[in-house]
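Q: Task: produce atomic coordinates for the following.
(chains A and B)
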Amino acid sequence: MAISEDPKLDGPAQAFVERWHENAYGCYSSGHKFCREVCPVMSATRNENHTPTAFHANVVAMEKGLLSVEDVADDYVHCTQCGACELRCPNTLMVGDFYRARTETVKVVRAMRALMVDQGLDREQWKLWNRLTDELKNEPVLGLEGEQPTGQERVRDWADGLDIPVGGETLMFVDCEAAFYRTSIPRATAQLLQLAGVEFGLMREQWCCGGPAAEMGYVEQSRRFAEHNVADWRAVGAKRIVAIEPHDYVHFTEDYPAYFGDEFDFEIVQIVDLLAELIRNGRLRLVNPIQRVVTYHDPCRLNKRKGIHEAPREILRAIPGLTFKDVDHVTQWAYCSGGGGGLPIEKPEITAAISARRMDRVSELNVDLLVSACVWSERPLSAAGEAAGIEVRDIVELVAESAGIAVDGSAGA
Amino acid sequence: MTLAATTIDEGVLDELRAILGEDGAVLTGAAARLNRARVPAPFPVHRWAQYVPDVVVLPRSAQQVSEIIKLANRQRIPVVPRAGGTGLADGAVPLRGGILLDVKRMDQIKEIDLADRTVTVGPGINMQTLNRRLKPHGVMYPDDPASYACSLVGGRIGTSGFSLLGARYGHTRDLVISFEIVLPTGEIIEVGDGGARKVRKSSTGYHLKQLFMGHQGTLGVVTEATLELVPRAETEFAAFFLFEDYDTAYRTFGEIARSGLATLAGVVIFDPEKVAYLRRDDEAYLSQPAWVHAVTAAALYGTKVEVQAASKVIMALGRRLGGKYIGDEISSGDWAARHDRYANPLHGRTSDGRVVPMSWHCEDAALPYSQLPAIQREWHAIAARYVSEYEIFDDWGMFAYTNGAHKPWADVLVEIDMGLWEERLDEAGWRAFVSLKREIGQATLAHGGSLTACHGSTREGDAELVPVEMGASWEVVKQIKRTLDPLNILNPGKQMLDEAYTDQETTA
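A: This next block holds a predicted model:
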């Protein structure tokens, strides 16, 4: 049981510890674990291996020759990349502005996963998922077995009958889960934009945004997909991309600029910001009351990663008839559906546990509907809600209904 | 004099797996063990491998804990309990390998009893998490350490923790009504003031709760606790006062502490070194005029009618000797930030002013109020020698806090915060750190103080002074340890308790 002190790092692993040395020591020296109780994965597994603190301490241990990539590979699967830990870190929270310091944990997890891919230590389900994504150009969200009903031939099926043009200055980017699994969201979104008189089109060939691949460590694939999509945007003269989904929004505002530098000059708009604006300036009129008692789930990537938490609340308060029992966005740092960062692909049981815990918090509020703004959260939350007798809907679906649009399409298989 | 070095073979691992009965509850991987070898306090990172346990177990019940400990006794394997692992005195750091017993999975709220005002929980629950569940019921569990957001109930009992609201609501020892503990030989018992689980004051038998309170993992593993439920404070009030000199701030601290206000939750004083440290990067203090060299602050908790009246008394006392009120915004903001401020490594500076990430070492002691000015001078003088001799230390100033539960008028919790640059740590630096701790401890004892008010004296530097402080009663302590833990299974090597086994046949 002796812990070896033989250096075991190859070139990329050595580069990894050098890149993250300072960041790791910022955490290691503190070691206070304020992040731990807001970490949705740790809250479910109660295993200290799965804490952000461990993720940083491992970098120090690797540097000292105490750990190899193989030793820690499985631990770094245990992360939804929600970003709660970064917000709760005293280095970020108390003196981050002064020192221009921010503890980076999501990037460390992604870098470790890239190392795992590099060393052939990537997980089997992730390997399969990303291979199928590469083949189909969209994620296999309808199942990994048998004939794939996803892919380029069907990527615009959700828009049947809506008469949406291809191309234009403004494009609506529809992520894989919405395009194939919960088509009610893109259909409601498109109809709302049409109702408000927002001109927009679709891509000629819309591939997966590449974000999930980046989150799971498949960096080359992610970049290749990004290059395709940006080329498609440029080919139709697009200037503005409406991201109807938070993960895409993070990818377009963080990874794409990192890939393309200053050349990346597209305006990226998150749908909740746009809808709030359209409602505020009267271009969308919410007239039909919705007599439901609801609470709102702050999607991690909107709230924790991008600081978007006011617009969805503004929207919900504008829907007539709705009784909105809010839980503030800081309390929600600890909340998550478990649906991000590839976790449900590799560790579905942990995703289910995280969603069940989230639904416990909903149950305490005596509401009959949980509203989210992230399609990836809605599948696990709906599964947890089924047991708790609480329905889960997307905010766009509610807005459409209140605006007099008959929401159709699939609300999940 | 203690257990022979053990190796945990496959047979033992199989037995542990059988006891735990689920996948992923017996961890032998290097990362699992390395990440449970240290706590936030400075750590001899250059000798990290020496502190790793052989195996980590994640039990869910007292019965499992009991069976693990019985197995450890049969096989003579050390057992080190670990809750949050957020302590500042190495209570949860394994010194001789063995089984690391991590209780984080025992985090259930078992009962909220609003009639008898108790909540019964597992030791793996965090106080902030617990209070979020309690809030709808209009009650709270007011154990409020700096580590409020991350420490766990089991560790609070293990260290007999200090609460920043202790003057008003009591400390961990006062707030835990009773608890279940698995003894070092595996028996499961409940301890309270008497034998009843939900009774706060009893004269039955011995008061075993306080014997096991602060056990530092050497007398058992807490598996359940019944805690006080306090009416949620209707309001809180905090006021910070600025002073030209330490002495005036000190006298003001005393006057507020002796005010007799029942809603007084705590009084705190920052010394000139602490103010200088805060001026490094804290917006609230960067903006203060140069004449400010000390701060005294007070907090009130309770009903509006009480707190509003008491706040007027605080404002008058804070200003009476010349204190200048810092303003509402900074007062409430600084009080709200009380949990987060000190845990930040970026405050560290080398002697030439370079910012480097330093670990926070917080040496605490409990001292009579009268001794505070003298100890403030002596501790800084000790620190200054080490800062000038070694490049790895940094003096972050001192603060003191009212110490007595419900009786804030006398003894004080005193802390000196020091930065330690672990990245540059070698054995000479570590020895210097231990020596620094020892000197500070010796000064404490010379002034009639106790080595620690809240962290525990469980590691080198101050551990060897525990028998000195305990005096003749150290013999009783050793007898208790030997009687309850005949084979020295529980957290061996801590607090000089190995001395309990010097004459025993069980020694190896």
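Q: how about the helices in the stretch 1-150 of chain B?
A: B:10-20, B:30-34, B:62-75, B:127-134 (DSSP state H, counting those that start in this stretch).
Q: For chain A, tell me whether the last one is touching it.
A: Yes. In terms of CB under 8 Å from any CB of the partner chain, part of helix B:127-134 sits within range of chain A, namely B:128-129, B:132. For glycine as for every other residue, the C-beta is placed from the backbone atoms N, C-alpha and C.
Q: that older thread, which among the helices of the stretch 1-150 of chain B is found nearest to A:Glu177?
A: helix B:127-134 (30.5 Å; CB to CB).
Q: tell me what that closest one is packed against?
A: Under the contact definition 3 or more CB pairs under 8 Å, 6 or more residues apart in numbering or on different chains; DSSP states H and E, helix B:127-134 sits against strand B:109-113, strand B:118-121, helix B:153-159.
Q: and A:Asp10, which of the ones you listed is closest to it?
A: Comparing the helices and strands packed on helix B:127-134 by CB to CB, helix B:153-159 comes nearest, at 38.8 Å.
Q: Comparing the helices of the stretch 1-150 of chain B, which comes out most buried?
A: Mean neighbour count (mean count of other CB atoms under 10 Å in any protein chain shown) peaks for helix B:30-34 among these, with a mean of 24.
Q: Which element, helix or strand, includes B:Phe241?
A: According to DSSP states H and E, B:Phe241 maps onto strand B:235-243.
Q: need the next SSE after that strand, C-terminal direction.
A: That would be, after strand B:235-243 and using DSSP H and E, helix B:246-257.
Q: Tell me the strands beside the next helix or strand after that next one, with direction?
A: Counting by DSSP H and E, the next helix or strand C-terminal to helix B:246-257 is strand B:264-270. Sheet pairing for strand B:264-270, assigned by DSSP bridges, gives strand B:294-302 (antiparallel), strand B:393-402 (antiparallel).
Q: Next, the buried residues of strand B:264-270.
A: Within strand B:264-270, the residues scored as buried using 16 or more other CB atoms under 10 Å in any protein chain shown are B:264-270.
Q: Output those as JSON lines; include the columns pLDDT.
A: Shown next, in JSON lines, are the buried residues of strand B:264-270 (pLDDT from 0 to 100):
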{"residue": "B:Leu264", "pLDDT": "98"}
{"residue": "B:Ala265", "pLDDT": "98"}
{"residue": "B:Gly266", "pLDDT": "97"}
{"residue": "B:Val267", "pLDDT": "98"}
{"residue": "B:Val268", "pLDDT": "97"}
{"residue": "B:Ile269", "pLDDT": "98"}
{"residue": "B:Phe270", "pLDDT": "97"}
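Q: Can you tell me which of those is nearest chain A?
A: The nearest member of the buried residues of strand B:264-270 to chain A, counting by CB to the nearest CB, is B:Phe270 at 16.2 Å.
Q: Quick check: bridge partners of the closest one?
A: B:Val295, B:Phe399.
Q: Hmm, it is touching B:Ala294, no?
A: Yes. The pair B:Phe270 / B:Ala294 is scored as a contact, 6.3 Å apart, by CB atoms under 8 Å.
Q: which residues are common contacts for the two?
A: Residues touching both B:Phe270 and B:Ala294 (CB atoms under 8 Å, 6 or more residues apart in numbering or on different chains): B:Ala249.
Q: tell me the centre residue of chain B?
A: B:His455 (3.5 Å; CA atoms, centre = their mean).
Q: hang on, isn't that one packed against B:Ala89?
A: Yes. With contact defined as CB under 8 Å, B:His455 reaches B:Ala89; the gap is 4.0 Å.
Q: which neighbours do these two share?
A: Residues touching both B:His455 and B:Ala89 (CB under 8 Å, 6+ apart): B:Thr159.
Q: what about the closest residue to chain B within the stretch 151-300 of chain A, which SS state?
A: Here the stretch 151-300 of chain A gets closest to chain B at one residue, A:Thr295, 13.8 Å apart by CB to the nearest CB. Following DSSP: H, G, I helix; E, B strand; the rest coil, A:Thr295 is assigned to strand.
Q: Check the residues of helix B:127-134 next to chain A against chain A and report the nearest one.
A: Taking the residues of helix B:127-134 next to chain A together and measuring to chain A by CB to the nearest CB, the closest member is B:Thr129, at 5.5 Å.
Q: so who does that closest one touch?
A: Contacts of B:Thr129 (CB under 8 Å, 6+ apart): A:37, B:107.
Q: switch to 7 Å and redo it
A: A:Glu37 (CB atoms under 7 Å, 6 or more residues apart in numbering or on different chains).
Q: these two touch, right, A:Arg113 and A:Tyr76?
A: Yes. Assessed by CB atoms under 7 Å, A:Arg113 is found in contact with A:Tyr76 at 6.0 Å.
Q: of the two, who's got more company?
A: Neighbour count, other CB atoms under 10 Å in any protein chain shown: between A:Arg113 and A:Tyr76, A:Arg113 has more, with 27 against 24.
Q: what sits against the nearest residue to the more buried one once chain neighbours are set aside?
A: Spatial nearest neighbour of A:Arg113, chain neighbours left out: A:Gly217 (3.0 Å); criterion: CB to CB, 6 or more residues apart in numbering or on different chains. By CB under 7 Å, 6+ apart, the contact set of A:Gly217 is A:110, A:113-114, A:116-117, A:122.
Q: Dump these into JSON lines; add pLDDT, secondary structure and distance to B:Asn344 as well.
A: Conversion of the contacts of A:Gly217 to JSON lines gives the following (pLDDT from 0 to 100; DSSP: H, G, I helix; E, B strand; the rest coil; distance: CB to CB, whole Å):
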{"residue": "A:Arg110", "pLDDT": "98", "secondary structure": "helix", "distance to B:Asn344": "25"}
{"residue": "A:Arg113", "pLDDT": "98", "secondary structure": "helix", "distance to B:Asn344": "28"}
{"residue": "A:Ala114", "pLDDT": "98", "secondary structure": "helix", "distance to B:Asn344": "29"}
{"residue": "A:Met116", "pLDDT": "97", "secondary structure": "helix", "distance to B:Asn344": "31"}
{"residue": "A:Val117", "pLDDT": "97", "secondary structure": "helix", "distance to B:Asn344": "34"}
{"residue": "A:Asp122", "pLDDT": "96", "secondary structure": "coil", "distance to B:Asn344": "35"}
